[in-house]
Each structure stands twice: as structure tokens, then as C-alpha cells.
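Asker: give me a model of this one.
(chains A and B)
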Amino acid sequence: MTTTIDSTRFGRIEVAPGSAIEFPNGLIGFDSRTFTLVARDAEDAFLWLQSLDDPELALPLTDPRRFFEGFALALGEGEFERLGLPADDDACEVYVTVRASERIEDCTANLRAPIVIADGRGHQVINHAEDAELRAPLFREAAAAGQAA
Amino acid sequence: MLIITRRPGEKIVLGDDIVVTVMEISGQTARIGIAAPKAVPVYREEIWAAVKEENEAAASADPGALPPVPPQS
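Answerer: Below you'll find the model as predicted:
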């Protein structure tokens, strides 16, 4: 059955059954358990994880590999199995949440807690990779220039 | 808050299926073992709080707040 939600950001969204994503543990800090991905344009660097339980709740995401060449996902021992995810992270879609800002140099992505999606289920996981920053600047050059100024 | 004194090797049971064990105490550091069902996520509190803050900040954005990015070549 198609679900319809009147989202505050994107208006009415019709979600086909296969496009709903169950987050058994939700996202840290939010009660919603069901989301969908909203892409405004296939070429867009950002997409949104829209809650199907709460019309006001949506988080911008991006593909970490688009902005961070050395991005690596390292989960704790047994985490892939615990979460029921394919053991190979190539078999999962991996996104990171984006903290937007008016200043481009302050736009960051959270590499420490990526969103991993496989087979209609999603989890926000803790990335143990050493250089996984909580606030990694999306635009390093702009951030470096901002600090130098 | 419930406060319980435990020695190394002693345990605390939460509900029927979560067991917290004090493994070792050395100076200012306590090693804690946690046995919980697969469905229960376990976080270090400072990481949990930091991720909560990032999620809330991310969720406060409007679509127009995201910077334009040139398409991938």
C-alpha cells in the first residue's frame, strides 16, 4: 500500500511500499522508525531522509565518498551481524548526515555516525575508523581559507 | 538515580536480559562488560550525546540551506 505524507519541506510525498525504510532503532535523538529517501534531482549532491511518522522531520544526507576520498566505514566487532547487515559494506548504501550552514566553510558531515541501508532497513552506526570526524567540513578548501582569513 | 557499589567480577542485571559486569578497576578506569540482546544498541554516552546533537542540527535545515554543488564529472 502506498503511504502518503504531507511533509513540511517537500509537500505531499507518495511512498511506494518498497521505498519505505525501517529503522528498528530509529535515529539517535528521534522517535521515528520509518523513513524514505527524497532526492530532488538525481544529480543533486544531497538527498533527504524524510520521516514517514513525522512530517516535520527530515535530515539532509550525502554520499560520503563524493566529498571524502579516504572515507572508510569500520564497525565494532560483530556489528554487521548484530544489525543483520550484509558483511560487505559495498552491499549497503552508506550515507552521512549533513549539518548545513549559511557559511559554506561551516557545512559539515558526520562521518562518525553514518546511516547504513540494506534491504529496506536502516541503521545509524558508530564508525570506529580513526579519522571519522563528527564534523568533517564538506568544503575543505573553503574551510581552510576561512581559518586563514 | 540508583547508586550501587560493586566489586570487580560482580554484576548488575537490568530487566531480564541485560547484564552489566564490572570487569576490572584500575586507578581511575573501570572496565565494564555489557551483555544485551542484539536489538539493544549500546553507546558510550559522550558519543551518543554528540551524535544526537549532530542529528538535531541536521534536522533543523531547510532545503534551501544546502550549498549548491557542481554535478559530478
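
Asker: switch to C-alpha atoms for all contacts and neighbour counts from now on
Answerer: Fine.

Asker: please, where are all the helices along chain A?
Answerer: Secondary structure of chain A (DSSP state H): helices at A:64-67, A:79-83, A:140-148.

Asker: now do chain B
Answerer: B:45-59.

Asker: low-confidence stretches in it?
Answerer: Chain B contains residues with pLDDT under 70 at B:72-73.

Asker: 90 instead, please
Answerer: B:38-39, B:63-73 (pLDDT under 90).

Asker: burial count for B:Gly9?
Answerer: A total of 12 residues lie near B:Gly9 under the criterion other Cα atoms under 10 Å in any protein chain shown.

Asker: doesn't A:His123 make contact with A:Ile117?
Answerer: Yes. A:Ile117 is within contact range of A:His123, at 6.6 Å (criterion: Cα atoms under 8 Å).

Asker: identify the residues contacting the residue nearest to B:Glu56 when sequence neighbours are not counted.
Answerer: Spatial nearest neighbour of B:Glu56, chain neighbours left out: A:Gly29 (7.2 Å); criterion: Cα to Cα, 6 or more residues apart in numbering or on different chains. A:Gly29 sits next to B:52-53, B:55-56 when contact means Cα atoms under 8 Å, 6 or more residues apart in numbering or on different chains.

Asker: next: B:Lys52.
Answerer: Taking Cα under 8 Å, 6+ apart as the test, what B:Lys52 contacts is A:28-29.

Asker: ok, it to B:Ala58 distance?
Answerer: 10 Å (Cα to Cα, to the nearest Å).

Asker: what's the local residue count around residue 1?
Answerer: Defaulting to chain A. Neighbour tally, A:Met1, other Cα under 10 Å: 7.

Asker: actually it's chain B I care about, not the one you picked
Answerer: The tally of other residues near B:Met1 (other Cα under 10 Å) stands at 3.

Asker: what's the mean pLDDT across stretch A:64-73?
Answerer: On average, the pLDDT along stretch A:64-73 is 94.

Asker: mind listing what's buried in that stretch?
Answerer: A:64, A:67-68, A:72-73 (16 or more other Cα atoms under 10 Å in any protein chain shown).

Asker: how about those in a markdown table, adding distance to chain B?
Answerer: Formatted as a markdown table, the buried residues of stretch A:64-73 follow (distance: Cα to the nearest Cα, whole Å):
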| residue | distance to chain B |
| --- | --- |
| A:Pro64 | 13 |
| A:Phe67 | 10 |
| A:Phe68 | 14 |
| A:Ala72 | 18 |
| A:Leu73 | 16 |
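
Asker: of the residues you listed, just say which sits nearest to A:Asp131.
Answerer: Distance to A:Asp131 across these (Cα to Cα) is lowest for A:Ala72, with 8.7 Å.

Asker: give me the nearest residue to A:Ile115, chain neighbours excluded.
Answerer: Once flanking residues are discounted, A:Ile115 sits nearest to A:Gln124: 4.4 Å by Cα to Cα, 6+ apart.

Asker: how about B:Trp48?
Answerer: A:Ile28 (7.1 Å).

Asker: great, nothing more from me.
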